[in-house]
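J.: below are the sequence and a predicted model for it; my questions follow.
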Amino acid sequence: MKIQSKLLFALTLFMTATFGVLHAQDENVTTEFGVKGGFNMSNLYQNDADDENVLYGFNAGVYATLPISDFIAIQPELLFTTKGAELEYDNAFASGNAKFKLNYIELPLLVRVNITKNFNVHAGGYASYLVSSKVTGSGSIDFSEDIDTDDLNKFDAGLSAGVGVDFNPISVGVRYNYGLTTVGKERTFAGTTYTAPDAKNSNLSLYLSYRLN
């Protein structure tokens with residue numbers, strides 16, 4: 001799915017939530033704390049995000065839901081999440097795949113709108129801090145090498161949007177994160193300025209959360 005379709009889908013959901021509040025059920029939202037985790041499908045993009053070179057990973061952490069009305073709440077989260085991309089290669093010299101792995105501590109801050117008692121949409125932004133990075137390969141040549149995080153942009157930020165279904169005390173959902181900052185740092189060599197890698201994070205997450213209170 002191209003990024004335009006994903007953003008249009010997220011925008012449609014959020015607009016539906018905004019106009020659907022008037023028709024939502026009259027259910028009080030209480031302060032909620034819990035744990036969550038799930039499955040990541042990540043990629044790096046330059047112009048448009050696509051479904052190629054997907055790297056599979058995970059996310060895990062804690063969340064809080066802080067109501068500001070019967071239908072709307074602020075939801076901060078603190079997560080450990082994996083991102084990156086996988087590249088397959090096959091040429092006259094070698095074949096195999098290489099994985100570029102990025103591990104972040106991530107802080108999403110979301111506006112959650114409860115359309116019904118059991119269905120919500122959420123949108124907002126996130127900020128991340130890079131804690132480790134590695135490149136590994138398998139095939140004709142096997143290798144594994146840590147990357148100095150000082151060689152990369154340690155901070156990442158972007159937009160988030162998703163939907164969730166609540167089965168108290170368990171919830172399930174899907175969320176898409178669209179990175180706005182490049183993974184690589186800007187450098188100057190021989191009078192030429194460049195960014196390497198000149199790409200941004202794209203991440204689709206499936207999650208399961210458990211309410212603790």
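T.: On my side now, so go ahead. Since the model is a prediction, treat every value here as computed from it, not as a measurement.

J.: buried set for stretch 71-80?
T.: By 16 or more other C-beta atoms under 10 Å, the buried positions in stretch 71-80 come out as 71, 72, 73, 75, 77, 79. The C-beta positions use only the backbone N, C-alpha and C, and glycine is treated the same way.

J.: which one of the residues you listed is nearest residue 102?
T.: For the buried residues of stretch 71-80, the closest approach to residue 102 (C-beta to C-beta) belongs to residue 79, at 13.6 Å.

J.: so how far is residue 115 from that closest one?
T.: As judged by C-beta to C-beta, to the nearest Å, residue 79 and residue 115 stand 24 Å apart.

J.: restricted to strands, list the buried residues of stretch 71-80.
T.: Under the assignment DSSP state E, the buried residues of stretch 71-80 contribute 72, 73, 75, 77, 79 to strands.

J.: between the residues you listed, which sits nearest residue 148?
T.: Out of these, the member with the shortest distance to residue 148 (by C-beta to C-beta) is residue 79, at 23.5 Å.

J.: wait, that closest one sits on residue 110?
T.: No. Residue 79 is beyond contact range of residue 110, at 11.9 Å (criterion: C-beta atoms under 8 Å).

J.: any regions of this protein where pLDDT drops low?
T.: For the chain, applying pLDDT under 70 flags the ranges 1-29, 48-52, 89-95, 139-140, 143, 186-196.

J.: helices along that one, start to end?
T.: For the chain, the helices defined by DSSP state H cover 3-20.

J.: how many residues are close by residue 146?
T.: 11 (other C-beta atoms under 10 Å).

J.: give me the beta-bridge partners of it?
T.: The partner list for residue 146 in beta bridges (DSSP bridges) reads residue 134.
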